[in-house]
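>>> quick one, structure for this:
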Amino acid sequence: MRLFGTLLILGMLTSSAPAEPTKGVPLSTVLRGRVESMEGRRVRVVYDFSSPTHTLDFEEVNPFLASAAGSWRIESGALVAEGVGALRWRPVLETDFKVTFKVKLREPHDVGGIVVEPVMSERAVIYAIADRFYSKRDRQREDAHMINCLGVKEPFSDSESQNVFRYVQRKWEPVVSAGAELTVSFGKSGKQSFLELGGTRLEGTDIDHDFAKVCAGLYVLESGASFTQVTIEGVLDADWLDSAGVSYDPAAHKDGGRAPERPTSPDGRRPEPRDDGTGDRDGVDEMVRVRSLLRKVKNTDLPDADREKAAEEIRTRKRIADVPQIMMEGLLYEDDETTRRLGIDMLKAITGTTLRYNYREKDSGDRNKAAGEWWTWITKFRTKIDRDMEKGGAR
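Sure, this is the predicted structure:
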């Protein structure tokens, strides 16, 4: 599964000129979680799941050897997960991060953290609490906390099978029980992975994986749990920040800066972004333009005529690549009925369908459930969306 917005590959030219702060919007306007700090590209973002919109910062993936049949929902300030599936954070991280989460185990096995590649999810690292799923398949002792690399290539075989997994490290303490509440941390530094819970630390080097960029998240495997808080700390990928139109200071932190690899003008400075949506800088500015229009649509302080005008510009583009942007802005989830109407009107103009979403529905739970069908639609048509994003500019 791809993360829309990470496919904009920028040119690479070196420059000796000092890095300048980028232009764009604050990270807090792009994410629904609480951005506690941002120094350069190093951030700390907290989710307490006090709002159903927090799930908009995540997307479902399934790198497991099992049919996805899971659900993720927010109930009473907790992210409740059950079945089979994983939920990864949409922002892309460099392999320098830490995720800490509080969890209550409905079932005392097969819950934990996960790391997958931004574009494909077949290769992954899982950080498991009391694994049974993979232990059974490998005829190993069950209920081990472990770091496990999935999608490892089979040695001495021409097969590119993604069904092979390799244990990095396994420990059986502490023993956990149903209803247990734990604070768990996992993360990476380059190829080194770690998992901490209940005073136990596991660590080791990834097997056959060398990720340059990753997305981190949570998973359950034929299990269930409630996550009450998730804190993500790490270095965000510069290309992801650009694609999302987020401003940052490249010189603010030695670990949060950016290598001098950006396109430059003859005087050594970054080109000024244009606001005409024509796809300069390989489409980055076009995405910034789309996000700007969508924020006008949802800005209830603006006159309705201005909001309608912004929505009409999106409608007339008829770009399938705009569908995930509309959903990521959360227009269908807003309390304001006009915002919801404009959101579904834009989606219908682009796709020809509403997927039975009714912006007049009074029950927010029913509306949000109907809105969730659009994420399934995005997954189904992700190849077309990615191709459209790669084209850039007007068709």
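
>>> where are the low-confidence patches of the stretch 151-300 of the chain?
For the stretch 151-300 of the chain, the stretches flagged by pLDDT under 70 are 153-163, 253-285.

>>> so which residues of it form strands?
Taking DSSP state E, counting those that start in this stretch, the strands of the stretch 151-300 of the chain run over residues 164-171, 181-189, 192-197, 200-205, 213-236.

>>> domain assignment for the protein?
27-236, 276-391 (automatic domain parsing).

>>> quote the end-to-end distance of the longest one.
Domain 27-236 has its terminal residues 11 Å apart, counting by CA to CA, to the nearest Å.

>>> now it, how far from the chain's geometric center?
The chain centroid and the centroid of domain 27-236 are separated by 12 Å under CA atoms, centre = their mean, to the nearest Å.

>>> which stretches of the stretch 201-350 of the chain form helices?
With DSSP state H, counting those that start in this stretch, the ranges of helices along the stretch 201-350 of the chain come out as 238-243, 284-297, 304-317, 322-328, 337-351.

>>> one more: the stretch 51-200 of the chain?
Counting by DSSP H, counting those that start in this stretch, the helices of the stretch 51-200 of the chain are 133-137.

>>> pick the most deeply packed of the strands of the stretch 151-300 of the chain.
strand 213-236 (a mean of 22; mean count of other CB atoms under 10 Å). In this view, the C-beta of every residue, glycine as well, is placed from N, C-alpha and C.

>>> now do that one: which elements does it pack against?
strand 42-47, strand 78-89, strand 93-105, strand 111-116, strand 181-189 (3 or more CB pairs under 8 Å, 6 or more residues apart in numbering; DSSP states H and E).

>>> please identify which of those is closest to Ala305.
Across the helices and strands packed on strand 213-236, Ala305 has its closest neighbour in strand 42-47 (35.6 Å, CB to CB).

>>> what mean pLDDT does the closest one have?
Averaging pLDDT along strand 42-47 yields 97.

>>> output the contacting helices and strands for that strand.
Against strand 42-47 (3+ CB pairs under 8 Å, 6+ apart) you get strand 34-39, strand 213-236.

>>> out of those, which is closest to Glu107?
Nearest to Glu107, of all the helices and strands packed on strand 42-47, is strand 213-236, at 4.6 Å by CB to CB.

>>> what's the angle from the closest one to strand 42-47?
110 degrees (axes from the mean of the first three to the mean of the last three CA atoms, to 10 degrees).

>>> right, so the helices and strands packed on strand 213-236: which one is the most enclosed?
strand 111-116 (a mean of 27).

>>> can you list the strands that it pairs with?
strand 124-131 (antiparallel), strand 213-236 (antiparallel) (DSSP bridges).

>>> quick one: buried residues of stretch 117-126?
Buried residues in stretch 117-126, counted by 16 or more other CB atoms under 10 Å: Glu117, Pro118, Ser121, Glu122, Arg123, Ala124, Val125, Ile126.

>>> go on, stretch 381-390?
Buried-residue list, stretch 381-390, by 16+ other CB under 10 Å: Ile385, Asp386, Asp388, Met389.

>>> contacting residues for Phe58?
Neighbouring residues of Phe58 by CB atoms under 8 Å, 6 or more residues apart in numbering: Trp72, Leu87, Arg88, Trp89, Arg90, Gly217.

>>> redo that, cut-off 6 Å
Phe58 is in contact with Leu87, Trp89, counting by CB atoms under 6 Å, 6 or more residues apart in numbering.

>>> ok, now the one 5 residues further on?
With contacts defined as CB under 6 Å, 6+ apart, the neighbours of Pro63 are Val116, Ser121, Glu122, Ala124, Leu150.

>>> may I see those organised as CSV, with pLDDT and distance to His109 added?
Listed next are the contacts of Pro63 as CSV, based on pLDDT from 0 to 100; distance: CB to CB, whole Å:
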residue, pLDDT, distance to His109
Val116, 92, 21
Ser121, 65, 22
Glu122, 74, 24
Ala124, 92, 19
Leu150, 90, 17
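
>>> fine, thanks again, bye for now.
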